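*Asks:* My questions are about this predicted structure, shown below with the sequence.
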Amino acid sequence: MSEKTITAELISAGKVLSAAGLSPGTTGNISARVAGGFLVSPSGSSLGDLQELAFVSNTGEHVGGPTPTKEVPMHRAIYDNTATYNAVVHLHSTYATIYSSLADIDPDDAIPAITPYLTMKAGHVGVIPYFRPGSPEIGAALAQGIKQGRSAFLMSNHGLVVAGENMDAAVALAFELEESAKIALLGRDLNLRILTPVQRQELMPK
């Protein structure tokens, strides 16, 4: 796929995420792998108004376009540690951000399996400890999770980050994680049925 096509996909994805209210203001960032590195949304940009993307090389150098988001270490950590995922979405969406800030979530399985769909798309959702936005520690923590086969994470007191085989898959997973966090929060004090371990195992991505 050409760099021009991938650029168009990123711009379109930004509009979809913004229109859904998942990237208020200039929050969040997205990227996609291309030959020699990855394209990523610029620093201080609104996802709904992307026009130009920054090009970051495989070695982490900014080699083209506007100044990239400070979260380059986050995106690079994913691309450096898997050949499976070619797109990344990071959002400060409302429900995922609230859920990421709860003091008692399971760091290895953050979102209870109330419905099948998040398990089907991502398996268990991990939790990245809080680090200053843009810090290399975020990348190191994400690298560990990616090596464990995870593709969806809550970032403590920060939001969500997901990876997909392509931009459509990453956007779909971001929507599913946000909706699952919403369901979990709204049902937190209710006596909800949770899928059993056997039921979940049947749904895990192969």
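*Replies:* Received, thanks.
*Asks:* Could you use CA atoms for every contact and neighbour count after this?
*Replies:* Fine.
*Asks:* residues touching the nearest residue to Ser43 once chain neighbours are set aside, list them.
*Replies:* Excluding its sequence neighbours, the residue lying closest to Ser43 (C-alpha to C-alpha, 6 or more residues apart in numbering) is Thr69, at 3.9 Å. Listed by C-alpha atoms under 8 Å, 6 or more residues apart in numbering, the contact partners of Thr69 are Asn29, Val40, Ser41, Pro42, Ser43, Gly44.
*Asks:* Quick check: phi and psi at the second one.
*Replies:* Dihedral angles of Val40 (phi, psi; degrees, to the nearest 10) stand at phi -140, psi 150.
*Asks:* got it, and Ala174?
*Replies:* Residue torsions, per degrees, to the nearest 10, at Ala174 are phi -60, psi -40.
*Asks:* Please name the nearest non-neighbouring residue to it.
*Replies:* Val162 (6.2 Å).
*Asks:* Let me know the distance separating the one you found from Ala122.
*Replies:* Distance, Val162 to Ala122, by C-alpha to C-alpha, to the nearest Å: 9 Å.
*Asks:* Now the common contact residues for those two.
*Replies:* Joint contacts of Val162 and Ala122 (C-alpha under 8 Å, 6+ apart) are Ser151, Ala152, Leu173.
*Asks:* of all these, which comes closest to Thr7?
*Replies:* Leu173 (19.8 Å; C-alpha to C-alpha).
*Asks:* on that earlier part again, so Val162 and Ala122 - more neighbours on which side?
*Replies:* Val162 (28 against 22; other C-alpha atoms under 10 Å).
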